[in-house]
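# this one's structure only:
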Ligand SMILES: Cc1cc2nc3c(=O)[nH]c(=O)nc-3n(C[C@H](O)[C@H](O)[C@H](O)COP(=O)(O)OP(=O)(O)OC[C@H]3O[C@@H](n4cnc5c(N)ncnc54)[C@H](O)[C@@H]3O)c2cc1C
């Protein structure tokens, strides 16, 4: 039947991109409905993937599974799209004090897979003061998210698998059980919402505890290209365009809008000045809304009452790391009935009264 699909996907941020790509690779018939009129946090994101975060050197949840998975996933996708967007590199983290040096050195003994302390600080001091030296986070890097989204949209268009339009909930018809959905002229077995922060307004998933967070980022031009990522309070991440970088990021819960502010610019600029010895100029500033959640876990699963509807969202500040692994898990859940991780499965929110 023409216009019959296995999956309709709403949204083409990193979640919709990675999920639809995963499904296409499995031979599924997929149509992505995404509107450039709705903002995408992925287009604001720094694209960083980082297994060890914060002052406490906290290991990312499921790091042992997420990071090897993404290190295979993105390069394979690069081959399919015939382009480069995935840049593995270390994150250099200068110590702030002798105390921090001691604490982190001690902590690193339990994180040997992820951290290296015998760093060549002389090399790094060309870019950052690092008076106490620093350590390297391994298995890290960044994705050029705008390039990925643009090229993947072209890839979908070539396959007539992308509709540039706003999804209208009122046009959705949920058919009898097992029959899937109809949306205008399209029919599908499943419709999966990948709407990012817009998902908090989705009428079918009002029970999910979103806790979205605004974030701002600076684009900068550097006097000398930066060959690695530096982190101390902010991350300075090289951009694919040589001599450019991005400074990420702020966290703000109120107001939840996408308007860049002077305050964030000042905060990010100040931290960058403290962190870099290389001179820089601000060339841009962007704001976006992270689709974060109260339990700090993604929202994945099918609607208990309308099992033809699903959600792949709640990636918070780690969409680049989480999306590939959980897209695969979601596929296995839908097609092979393999259980989803309890922590991401949305079913628990519907059983609560
Ligand atoms: C300042 C900042 C820095 C960040 N840095 C990083 C980072 O370094 N690393 C990292 O992993 N994460 C980072 N994040 C978080 C990251 O942006 C998110 O985890 C990720 O982008 C979420 O992707 P998503 O696809 O769920 O949502 P989005 O990227 O927001 O995509 C949602 C999509 O849905 C579409 N859409 C929504 N509703 C509709 C509708 N009704 N009809 C049609 N289309 C619709 C939108 O157009 C969009 O295409 C950052 C976020 C911010 C704000």
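Received, thanks. Keep in mind that this is a model prediction, so the values were computed, not measured.

# Show me the protein divided up by domain.
Following automatic domain parsing, one finds the domains of the chain at 4-44+146-209+294-351, 91-137, 213-290.

# Go through those domains and name the closest to residue 51.
When these are compared by Cβ to Cβ, domain 91-137 sits nearest residue 51, at 5.1 Å. Every residue, glycine included, has its C-beta placed from N, CA and C.

# now the closest one, how far from the centre of its chain.
Taking Cα atoms, centre = their mean, to the nearest Å, one finds the center of domain 91-137 at 26 Å from the center of the full chain.

# Look at it and report the distance between its end residues.
5 Å (Cα to Cα, to the nearest Å).

# Rounded mean pLDDT for it, please.
For domain 91-137, the mean per-residue pLDDT is 96.

# Check the residue of the stretch 251-353 of the chain found nearest the ligand and give its pLDDT.
For the stretch 251-353 of the chain and the ligand, the shortest gap (Cβ to the nearest ligand atom) falls at residue 319, measuring 2.6 Å. What the model reports for residue 319 is a pLDDT of 98.

# Next: residue 2.
Here the pLDDT value assigned to residue 2 is 59.

# Residue 19 touches residue 327, doesn't it?
Yes - contact criterion Cβ atoms under 8 Å: residue 19 and residue 327 qualify, at 4.4 Å.

# can you list residues touching both of these two?
Common contacts of residue 19 and residue 327 (Cβ atoms under 8 Å, 6 or more residues apart in numbering): residue 312.

# how about low-confidence regions in this structure?
Within the chain, the stretches with pLDDT under 70 are 1-2, 352-353.

# What segments of the stretch 1-150 of the chain are strands?
Using DSSP state E, counting those that start in this stretch, the strands of the stretch 1-150 of the chain run over 4-10, 30-34, 48-49, 52-53, 58-59, 86-88, 91-94, 115-116, 134-137, 141-143.

# Going along the chain, name the helices of the chain.
Along the chain, the segments classed as helices by DSSP state H run 14-25, 63-81, 98-108, 121-124, 145-158, 262-275, 319-336, 347-351.

# Pull up the residues of the stretch 251-353 of the chain that are close to the ligand.
288, 290-291, 313, 315-321 (Cβ under 6 Å from any ligand atom).

# Turn those into TSV, including neighbour count.
As requested, those are exported to TSV (neighbours: other Cβ atoms under 10 Å):
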residue	neighbour count
288	23
290	23
291	27
313	30
315	29
316	19
317	22
318	20
319	27
320	26
321	25
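
# Which single one of the residues you listed is nearest to residue 173?
Distance to residue 173, by Cβ to Cβ, is smallest for residue 313 among those, at 22.3 Å.

# you'd agree that closest one is up against residue 201?
No - with contact defined as Cβ under 8 Å, residue 313 and residue 201 do not form a contacting pair (11.8 Å).

# returning to that earlier point: among the residues of the stretch 251-353 of the chain next to the ligand, name the ones in strands.
Per DSSP state E, strands hold the following members of those: 288, 290, 313.

# quick one on the thing from earlier: which residues touch the residue of the stretch 251-353 of the chain closest to the ligand?
Applying Cβ under 8 Å, 6+ apart to residue 319 gives the contacts 13-15, 41-42, 45, 291.

# From these, pick the one nearest residue 307.
When the contacts of residue 319 are ranked by distance to residue 307 (Cβ to Cβ), residue 15 comes first, at 19.6 Å.

# Would you quantify the distance from the nearest residue to that closest one once chain neighbours are set aside to the ligand?
Among residues not flanking residue 15 along the chain, residue 194 sits closest, at 4.0 Å (Cβ to Cβ, 6 or more residues apart in numbering). Distance of residue 194 to the ligand, computed by Cβ to the nearest ligand atom, to the nearest Å: 5 Å.
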